[in-house]
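> any chance you can model this:
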Amino acid sequence: MKKTTLFMTSLLLATTIFSCNKDGVYNPKEKIDKIYVDAGSGKYLSEDWTWDNKQLKTIYYYDSAGTMNYTEAFTYDNNRLSQVDNHEAGESVKYTYDNRHLQQASFYKNNVLYMSCFFDYDGNKLADIKVSMTDAAKGFNIKSSTNLLKYVLPEQSLESVANILEKNPTRGTSSFMIYVAWDGPNISEIEFAVSDDFVEKYIFEYDDKLNPFRNFLNSNFEESFSEHGNFKSKNNVVSYTFIAAGDGIALSNTSFIDYTYDGRFPATRSFGNVTEYFEYE
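The predicted model follows:
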């Protein structure tokens with residue numbers, strides 16, 4: 001399901017490392033036109049995607065009542081995504097590149113930088129991401145529904161992030177690492193090393209069909225990893241196991257995702273009591 005604020009429908013786009021495309025170029029074989037959702041109360045339009053030839057230009061997000069919640073506008077520089085804006089919420093993400101790879105994603109709220117992500121590679125494969133939060137992030141109420149960090153990290157991480165921010169000096173930045181492991185063309189594990197005492201990990205399993213969100217730079221970080229099937233992976237996530245350990249916490253939970261297909265691409269995706277319906281141009 002979509003979150004009610006943009007914030008991160010654009011953090012991690014990045015191009016498939018197994019194609020000749022560069023990071024920042026989202027050029028799927030099947031372009032998404034609309035996504036419908038049924039969460040048990042009837043099917044409704046959730047997302048409406050607009051394209052200019054091969055470039056994704058705008059996504060309109062709707063709630064179950066048919067009200068448009070927000071719009072994401074995509075801006076390009078020499079065919080590479082350079083910025084994603086949610087003007088309704090005053091949020092934006094800016095992207096910079098080093099040759100063919102995504103180098104940095106910078107997040108702003110009302111033109112104030114509050115977080116940056118720095119990407120590191122092992123050859124052509126994404127290896128890790130350093131997440132750096134500025135003093136502006138310290139103003140976020142961890143329990144508030146408007147806390148943007150809740151769209152960057154799994155919920156269990158937020159308390160650890162709050163502790164990091166509190167222990168840091170008044171001025172400066174706080175940071176943590178995200179480590180990425182691969183199995184062929186798919187991301188197999190993602191580990192959030194939030195602190196020395198607390199670690200979270202996702203372990204993924206895939207089908208053999210094509211992921212329509214591969215290379216899609218979207219502003220929701222957690223969604224990019226799980227709900228949209230993993231922004232860099234070739235195939236679609238059919239299950240993911242979440243593991244958290246440290247600070248007196250030890251838990252493990254596995255979630256499953258079911259698909260029907262239109263050729264080699266998903267036609268529907270179901271998880272829990274939610275079913276998404278994909279229409280392509």
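> so, low pLDDT: which residues of the stretch 51-200 of the chain?
For the stretch 51-200 of the chain, the stretches with pLDDT under 70 are 136-172.
> helices of the stretch 1-150 of the chain, residue ranges please.
In the stretch 1-150 of the chain, no segments count as helices under DSSP state H, counting those that start in this stretch.
> all strands of it, in order?
According to DSSP state E, counting those that start in this stretch, the stretch 1-150 of the chain carries its strands in the segments 32-38, 43-52, 55-62, 68-77, 80-86, 91-98, 101-109, 112-122, 125-133.
> the longest one - contacts with which helices or strands?
Contacts defined by 3 or more C-beta pairs under 8 Å, 6 or more residues apart in numbering; DSSP states H and E place strand 112-122 against strand 101-109, strand 125-133. C-betas here are computed from N, CA, C, even on glycine.
> okay, these, which one's buried deepest?
The highest mean neighbour count among the helices and strands packed on strand 112-122, using mean count of other C-beta atoms under 10 Å, belongs to strand 101-109: a mean of 20.
> that one pairs with which strands, parallel or anti?
Note on strand 101-109: by DSSP bridges, its sheet partners are strand 91-98 (antiparallel), strand 112-122 (antiparallel).
> distance from the last one to the middle of the chain?
Relative to the chain's own centre, strand 112-122 is displaced by 13 Å; criterion: C-alpha atoms, centre = their mean, to the nearest Å.
> export the strands paired with strand 101-109 to TSV and append columns for mean neighbour count and distance to Lys57.
TSV is the format used below for those (neighbours: other C-beta atoms under 10 Å; distance: least, C-beta to C-beta, whole Å):
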stretch	mean neighbour count	distance to Lys57
strand 91-98	20	16
strand 112-122	17	24
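> any chance of the ones you listed in TSV, plus distance to Ser239?
As requested, the strands paired with strand 101-109 are exported to TSV (distance: least, C-beta to C-beta, whole Å):
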stretch	distance to Ser239
strand 91-98	29
strand 112-122	26
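> among these, which comes closest to Gly263?
Comparison of the strands paired with strand 101-109 against Gly263 by C-beta to C-beta identifies strand 91-98 as nearest, at 30.9 Å.
> run the angle between that closest one and strand 68-77 for me.
20 degrees (axes from the mean of the first three to the mean of the last three C-alpha atoms, to 10 degrees).
> OK, contacts around Asp258?
By C-beta atoms under 8 Å, 6 or more residues apart in numbering, Asp258 lies in contact with 238, 269-271.
> return the distance of Tyr26 relative to Ile203.
According to C-beta to C-beta, to the nearest Å, Tyr26 and Ile203 sit 26 Å apart.
> out of the two, which sits in the busier spot?
More neighbours surround Tyr26 than the other of Tyr26 and Ile203, with 24 against 16 (other C-beta atoms under 10 Å).
> just the pLDDT at the closest residue to Tyr60 other than its chain neighbours, thanks.
Spatial nearest neighbour of Tyr60, chain neighbours left out: Asp48 (4.4 Å); criterion: C-beta to C-beta, 6 or more residues apart in numbering. Note on Asp48: pLDDT of 98.
> rewinding a little: of the contacts of Asp258, select the buried ones using a ChimeraX command.
The buried residues among those can be selected in ChimeraX (16 or more other C-beta atoms under 10 Å) with this line:
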select :238,269,271
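> among the contacts of Asp258, which two are most distant?
Val238 and Ser270 (11.0 Å).
> mutual contacts of those two, please.
Common contact partners of Val238 and Ser270 (C-beta under 8 Å, 6+ apart): 257-259.
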